[in-house]
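1. Structure for this input, please:
(2 chains)
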Amino acid sequence: MSAVQPPRDEMRLLGTRIPYVEGPLKVTGRAEYTDDIKRPGMLVGRLLRSPWPHARLRSIDTRAARAMPGVFAVLTGEKYPTPFGVLPITHDETAIAVDKARYIGDIIAAVAAQDELTAERALATIQVDVEVLPEYTDPRVGLAPVAEPIHARGLAGTNIQKEVVQHFGDVDAAFVKAAVQVRVRGNFAGVTHAFTEPMATIADATPDGRLTVWSATQVPHYLHRSLSEVLGIPMHRIRVIKPEVGGGFGGKSDPLPHEIVCAALAIETGRPVKILFDREDVFLTNHGRHPTQNDVRIAADAEGHLLAYDIEALIDGGAWSSFGTVTTYYNGVLSMGPYQVPNFRYKGRRVYTNRPPSGAMRAHGGTNIRYTIEVALDELAEKIGMDPFALRELNALPPNSKTINDFRITSTSFRQCLAASREKSDFVTKWRKLPYGEGVGLGCGFYISGSNSPIHFTPKMPQSTVHLKVDMDGGIAVHSMQADIGQGSNTLLAAIIAEVVGVDLDRVHVVRVDTDVSPIDLGSYSSRVTFMMGNAARRAAEQLKEKLVHAASQLTGYPPEQLQVAHERIHVRHRDDVGVTFIEALHKAMETAGALTATGAYSSPPMGGSFKGARAGTAPAYSFAAYVAQVKVDTDTGEFRVSKVWAAFDCGRALNRLAVEGQIEGSIHMGLGQLMGESMNYRGARLLNPALLEYKIPMPFQMPEVECLLVGDDDPEGPFGAKEAGEGPLIATLPAVANALYDAIGVRFYDLPITPDKVVKGIEDREREGRAWKGA
Amino acid sequence: MTPARLRLAINGHPVEVTCPPERILLDLLREDLNLTGTKRGCDLGTCGCCTVLLDGRPTLSCLTLAHLAEGHAITTIEGVSPAQGLNPVQRAFVEHGATQCGFCTPGFIVTGTALLKENPHPTRDEVERAVSGNLCRCTGYTKIIEAILAAAESP
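-> Next up, the predicted model:
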């Protein structure tokens, strides 16, 4: 598995700043997103959403809708009742509600009509008779048996979707001998992805018995499976195409009900159907970061060695499971880095409520728990009288180590991250020395570089496969089901091929994801693509290179081991003048076989302990981060501005620096949003702010200057030494800013978002209690 | 309501269409004229993805009735794009990695192109103000601002 990395100076392309290959299409408006596609005879699909948070559906009268001219189909839940969900162990969703509506926004009927207006009018005629059921919006209530559990599968008559209990070492004994401890409670409002492209799906069921679905998805393969399971059509007769996707961040990483409904309407009508979401639909579909409460106790000895974590998490899941079982594990186990913690106890419960489902959002399961721990560690360091860097350096996980819960740590450049952010931010001269209202703070991060366990285990197959095809034109067509959602994975895929084969980037064309021709890659989630697709791509390219070198050997008469690939050429080692061009080698290789093909695949190595849930959080590599943020607070209004973030990040070797910087800058934006103001606000079960005016993401003037410090050593198993950079960069943002706020005004915040009113109240409380602002 | 005739110029070409009075400019562009470079992000004037130029000024096409554009010149992302190659703002966006998912990009390009036409050497603050009606969730705006400033510097 371990591959020898070529020295950096031998790489032509990787490691530089590579503009995105599809950039020219995107800047001219020529990139094709799902809603840009029209099919002949296409109908409009529309969804009737539940106005009730929890209701038994007694009858649905669709006769008037069916009788309307221009209406081609009306669907209710009983036609396709097979449950589905992204995780095979928690199939609790249906395409359309079957017996109950479980939140305001649950789909209870669907219409396909000739146009939007007709579809809307048809929906308005549908009569739904319901028995209103008790609504549950407080996850604490759902911990005990309830009169009407939201799902029958809730634990023993409660609304608990998943309970995780883990204990490693002896936490109680560690707390007995601890010299110092902190105990805090973190509270986190739900936040959502707020990608700019609303979901859109087109489906066409054709007379040849095939179904084609175009959809804005991060997981074409999981969508492919779910369509097959629910609609009862074998996978080989379904074709899923992923056009450009206008952002996902986890919000398009579940197979979603509307995608299946769209296909069902296409089957019913025999016509292509499009379902396009408006912004309210997007908010109601949600799958964002879970509203969470976490109780964290940390024990340390007098020198600052961490002795134990004791964590309890209560997670509001909303109406469905989605990724919730994973979320429940992650809120505990992702606390196991970047520090060595010898004793660890965790109890996590995710509870169904009658609210829009939560799911996976960028840095899924790692963000909230990391925030609480990093702010608590700042508090702990202060109690011990240590500087926050020293505490973290003392406890840093070393390379090639194991955590108490059996995570395999290979590469880590966490200490380099600490050193870089401390030095570049001039932390030592600023910390506790800036005037009142200004401060600096440190926050650290740790995240999986791809989940080691695929979501589906049957059949056993690699997590990523890449196919190449080269014909006499010398263009390399690349097929892979990895889903570029804007993070630049197509560019990386093309660059890896070009690097290995030695050709110009414009010879390589990444073909749009199409399940008819793309070999399976599990999709864009869990920060897996660079690592897993990258390795698969490298292997495919090596195989192609081997064929070309063999042909060059025949042409030159030199044995393959004496040949090397150079720019668009293959020549004899140390004899640049003796060789053939790429095209000459290609045409020679094609003489008997025709177009060349090559394939590469990646499977992660076996890992993890043998206890229940041991695979959760295992990854072939982990990213590490240490960020310093500098803030300035208006102590009268409570508004604050983050002026700069020094983002030291270990993604192993950065293969496309432009893309890695883009991921870090975008992550900081998203992290700041959650910290400073984003919040899904509810009155009972009703979402009050399903629009981008009321759910505000940061504006340009709220963005800090960002200095990216890429200090990672090569990872031994990552492609060319790379690890993930898609999600990990978010996590450290929030605690860095919160700890800077403490440095600025002497107030700790454990309740997110930190809105100006909380800042003002925090200052007033501190002054009333007579505490000094620098904690001195 | 009764469709009525509408005359306007789109990307320099005179266009005559018949559409109902409630037709939104964004729908006219995307649905009737197949100019799909202009994106629909929110339908509520909050995201800026649908920005076009009305007589050279950035305008939210999702909040503009098509008939209010009668007699005016509309420029879309297709109109600011040269037949071959890219305009300086577009080139800078590609080189600086200012487009990730790309869905907000046409709105930013249209806004940025209009800004540089009116103010060829804006300050960072002026660029931030100019694009404050456009949301981007991928880039944190960092490389977008950089790209517009770089385009202003480019020959």
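2. Just list what the lengthiest helix in chain B packs against, helices and strands only.
-> In chain B, taking DSSP state H as the definition, the longest helix is helix B:105-118. If contacts are counted by 3 or more C-beta pairs under 8 Å, 6 or more residues apart in numbering or on different chains; DSSP states H and E, helix B:105-118 sits against helix A:23-27, strand B:51-54, strand B:57-60, helix B:77-80, helix B:88-95, helix B:124-130, helix B:142-153. C-betas here are computed from N, CA, C, even on glycine.
3. Could you look up the next helix or strand downstream of the one helix or strand A:Tyr329 maps to?
-> In this structure, A:Tyr329 is located in helix A:324-333 according to DSSP states H and E. Using DSSP H and E, the helix or strand that follows helix A:324-333 in sequence is strand A:343-352.
4. which other helices and strands contact the helix or strand that comes right after that following strand?
-> Next helix or strand after strand A:343-352 toward the C-terminus (DSSP H and E): helix A:367-384. The contact analysis (3+ C-beta pairs under 8 Å, 6+ apart) places helix A:367-384 against strand A:180-188, strand A:292-300, strand A:306-318, helix A:324-333, helix A:388-395, strand A:438-448, helix A:728-731, helix A:733-745.
5. ok, back up a step: how about the helices and strands packed on helix B:105-118 in CSV, adding distance to A:Ile763 and mean neighbour count?
-> CSV is the format used below for the helices and strands packed on helix B:105-118 (distance: least, C-beta to C-beta, whole Å; neighbours: other C-beta atoms under 10 Å in any protein chain shown):
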stretch, distance to A:Ile763, mean neighbour count
helix A:23-27, 45, 24
strand B:51-54, 40, 25
strand B:57-60, 39, 19
helix B:77-80, 47, 23
helix B:88-95, 42, 24
helix B:124-130, 29, 17
helix B:142-153, 31, 23
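6. Present the ones you listed as CSV; the columns should include distance to A:Ser449.
-> Listed next are these as CSV, based on distance: least, C-beta to C-beta, whole Å:
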stretch, distance to A:Ser449
helix A:23-27, 26
strand B:51-54, 37
strand B:57-60, 40
helix B:77-80, 36
helix B:88-95, 28
helix B:124-130, 34
helix B:142-153, 24
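7. Helix, strand, or coil at the residue in chain B that chain A sits nearest to?
-> Across chain B, no residue is closer to chain A than B:Gly37, which sits at 2.0 Å (C-beta to the nearest C-beta). When classified by DSSP: H, G, I helix; E, B strand; the rest coil, B:Gly37 comes out as coil.
8. returning to that earlier point: out of the helices and strands packed on helix A:367-384, nearest to A:Leu123?
-> strand A:306-318 (23.7 Å; C-beta to C-beta).
9. Could you list the low-confidence segments of chain A?
-> Low-confidence segments of chain A (pLDDT under 70): A:1-9, A:775-776.
10. tell me the domain boundaries of it?
-> A:8-31+A:462-602, A:41-378, A:396-453+A:610-769 (automatic domain parsing).
11. got the end-to-end distance for the last one?
-> Looking at domain A:396-453+A:610-769, the gap from its leading to its trailing residue is 35 Å under the measure C-alpha to C-alpha, to the nearest Å.
12. do the same with the longest one
-> With C-alpha to C-alpha applied, domain A:41-378 spans 62 Å between its terminal residues.
13. How far away from the center of its chain is it?
-> When C-alpha coordinates are averaged (C-alpha atoms, centre = their mean, to the nearest Å), domain A:41-378 and its chain have centres 14 Å apart.
14. and if you look at the first one?
-> On the basis of C-alpha atoms, centre = their mean, domain A:8-31+A:462-602 sits 26 Å off its chain's mean C-alpha point.
15. Is the closest residue to chain B within the stretch 501-650 of chain A in a helix, a strand, or coil?
-> Nearest residue of the stretch 501-650 of chain A to chain B: A:Val645, at 10.0 Å (C-beta to the nearest C-beta). What three-state DSSP gives for A:Val645 is strand.
16. who touches whichever residue of the stretch 101-250 of chain A sits closest to chain B in this structure?
-> Residue of the stretch 101-250 of chain A nearest chain B, by C-beta to the nearest C-beta: A:Gly246 (2.9 Å). A:Gly246 makes contact with A:33, A:195-197, A:216, A:486, B:39, B:101-104 under the criterion C-beta atoms under 8 Å, 6 or more residues apart in numbering or on different chains.
17. Show me which pair in those residues is furthest apart.
-> A:Ala216 and B:Cys104 (14.6 Å).
18. coming back round to it: closest to A:Gly366 among the contacts of A:Gly246?
-> Among those, and counting by C-beta to C-beta, the member closest to A:Gly366 is A:Phe195, at 19.6 Å.
19. contacting residues for the closest one?
-> Counting by C-beta under 8 Å, 6+ apart, A:Phe195 touches A:246-249, A:251-252, B:101, B:103, B:137.
20. helix/strand/coil for it?
-> coil.
21. In space, what's closest to it - neighbours in sequence excluded?
-> Leaving out its chain neighbours, the residue that sits closest to A:Phe195 by C-beta to C-beta, 6 or more residues apart in numbering or on different chains is A:Gly247, at 3.0 Å.
22. How about stretch B:59-73, which residues are buried there?
-> Judged by neighbour count (16 or more other C-beta atoms under 10 Å in any protein chain shown), stretch B:59-73 contains these buried residues: B:59-62, B:64, B:66-67, B:69, B:72-73.
23. So for chain A, the centremost residue is which one?
-> Nearest residue to the geometric centre of chain A (C-alpha atoms, centre = their mean): A:Arg362, 3.9 Å.
24. Backbone torsions only: list them for the closest residue to it other than its chain neighbours.
-> Nearest non-adjacent residue to A:Arg362, counting by C-beta to C-beta, 6+ apart: A:Phe249, 4.5 Å away. Backbone torsions for A:Phe249, taken as degrees, to the nearest 10, come to phi 60, psi 20.
25. do the same with A:Leu687
-> phi -70, psi 120.
26. Have a look at chain A and report its longest helix.
-> Per DSSP H, chain A has its longest helix at helix A:534-556.
27. what helix or strand does whichever residue of the stretch 651-776 of chain A sits closest to chain B sit in?
-> Residue nearest to chain B within the stretch 651-776 of chain A (C-beta to the nearest C-beta): A:His669, separated by 3.3 Å. Assigned by DSSP H and E, A:His669 belongs to helix A:657-676.
28. the inter-axis angle of that helix versus strand A:438-448?
-> Inter-element angle recorded for helix A:657-676 and strand A:438-448: 120 degrees (by axes from the mean of the first three to the mean of the last three C-alpha atoms, to 10 degrees).
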